[in-house]
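Peer 1: Make a model of this:
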Amino acid sequence: MGSPLSPAIANIYMEDFEQNAINTAILKPKCWFRYVDDTFVIWPHGSHTLDDFLQHLNNIHPNIKFTMETENNNELPFLDTLIKKRVDGKFNFTVYRKPTHSNRYLNASSHHHPSQLNAVIKSLTIRSLRLTDDESRENELLN
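Peer 2: Residues are numbered from 1 along each chain as shown. Down below sits the predicted model:
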């Protein structure tokens, strides 16, 4: 097990890494959001230059390598959120579930304490309320 300071030190290092990477890039992203080791970037310069930016990131330090997922059908999963690009350029947000998701959490007839069964419902509801936009929320809460 690592030191309890490891995540904080890694985060401080990555902040410095990001500033260096963006400041030295020829073309810069429109936005850059990072949570631990997941990064969301809006790249306004076309897909033909995106690979060059990825190569730039991967050439900064030999032990830090980025991988990339690009949008598919105007959708991109980021953390537990599915971000959908609308025609007007804005975004819709809903809960993302991996293709292997089975939609099973606890069997309602199992011998778990009722508070645990209620906690599953409560946590899924809170997750839906926090991650979805107004347009997607009703559908998410019904599913």
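Peer 1: now the strands for this structure?
Peer 2: Using DSSP state E, the strands of the chain run over residues 31-35, 38-42, 75-78, 81-85, 91-95.
Peer 1: contacts for the first one?
Peer 2: If I follow you right, that is strand 31-35. 14, 18, 22, 39-42, 79 (C-beta atoms under 8 Å, 6 or more residues apart in numbering). Placement of C-beta: from N, CA and C, glycine included.
Peer 1: how near is the spatially most distant residue from the centre of the chain to residue 117?
Peer 2: Distance to the chain centre peaks in the chain at residue 111, reaching 34.5 Å (criterion: C-alpha atoms, centre = their mean). Using C-beta to C-beta, to the nearest Å, residue 111 is found at 10 Å from residue 117.
Peer 1: what's the answer for residue 9, then?
Peer 2: In this structure, residue 9 and residue 117 are 40 Å apart, going by C-beta to C-beta.
Peer 1: Looking at the record's assignment, how would you partition this structure?
Peer 2: 6-58, 75-142 (automatic domain parsing).
Peer 1: Now the terminal residues of the longest one, how far apart.
Peer 2: Its start and end residues considered, domain 75-142 measures 21 Å (C-alpha to C-alpha, to the nearest Å).
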